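> sequence plus the predicted model coming up.
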Amino acid sequence: MAKEKISADQLISVIISGIEDVKGKEISILDLRDIENTVCDYFIVCEGTSNTQVNAIVNSVQKKVSKELKDNPWHTEGLDNAEWVLIDYVNVVVHVFQKHIREYYDIESLWGDAKTTVIETSY
């Protein structure tokens, strides 16, 4: 049986939910579809306050996507020091930062042409 194709909107929704479950902060979605030569369609960027919370966010996202959409990341990197963890779902790439690392690399500015959506959280 062929695996059902998951829409980017479904994946983004579940990823955001996974981030919110463990109170990830400053969540943004960067829509890269109108920019030439990008490696994916969307970046989801968020931050945690410590290595522990960054790892918790990553685990929450992976568990939730696996359980609800039966999908696993193609690639994950940065788990060793948990300052910047990248979770690659091919068309959607999740960046989980610690605050100081996010400020240093400032990928939102690097991808300034992207349409950015900031997710309001209630915590």
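Happy to help now that I have it.
> surely residue 29 touches residue 119?
Yes. Assessed by C-beta atoms under 8 Å, residue 29 is found in contact with residue 119 at 6.9 Å. Glycine gets a C-beta too; all of them are placed from N, C-alpha and C.
> who's more crowded, those two?
Using other C-beta atoms under 10 Å as the criterion, residue 29 and residue 119 rank with residue 29 on top: 19 against 15.
> Three-state assignment for the more buried one, please.
Assigned with DSSP: H, G, I helix; E, B strand; the rest coil, residue 29 falls in the strand class.
> show me what it is bridged to.
Residue 29 has the following beta-bridge partners by DSSP bridges: residue 44, residue 117.
> residue contacts, it?
By C-beta atoms under 8 Å, 6 or more residues apart in numbering, the contact list for residue 29 reads 12, 16, 42-45, 116-117, 119.
> please enumerate the helices of the protein.
For the chain, the helices defined by DSSP state H cover 8-21, 51-69, 99-105, 107-110.
> name the nearest residue to the residue most central in space within the chain, sequence neighbours excluded.
Per C-alpha atoms, centre = their mean, the C-alpha nearest to the average position across the chain is that of residue 94, at 2.2 Å. Nearest residue to residue 94 in three dimensions, chain neighbours excluded: residue 87, at 4.1 Å (C-beta to C-beta, 6 or more residues apart in numbering).
> distance of the one you found relative to residue 55?
Going from residue 87 to residue 55 by C-beta to C-beta, to the nearest Å gives 12 Å.
> tell me which of the two has more neighbours.
Neighbour count, other C-beta under 10 Å: between residue 87 and residue 55, residue 87 has more, with 25 against 16.
> what bridges to that one?
Bridge pairing for residue 87 - DSSP bridges - gives residue 76, residue 94.
> show me what contacts the residue nearest to residue 94?
With contact taken as C-beta under 8 Å, 6+ apart, residue 87 is in contact with 58, 61-62, 73, 76, 93-94, 96.
> dump these to a markdown table, plus pLDDT.
Formatted as a markdown table, the contacts of residue 87 follow (pLDDT from 0 to 100):
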| residue | pLDDT |
| --- | --- |
| 58 | 98 |
| 61 | 98 |
| 62 | 98 |
| 73 | 97 |
| 76 | 97 |
| 93 | 98 |
| 94 | 98 |
| 96 | 98 |
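> appreciated, that's everything.
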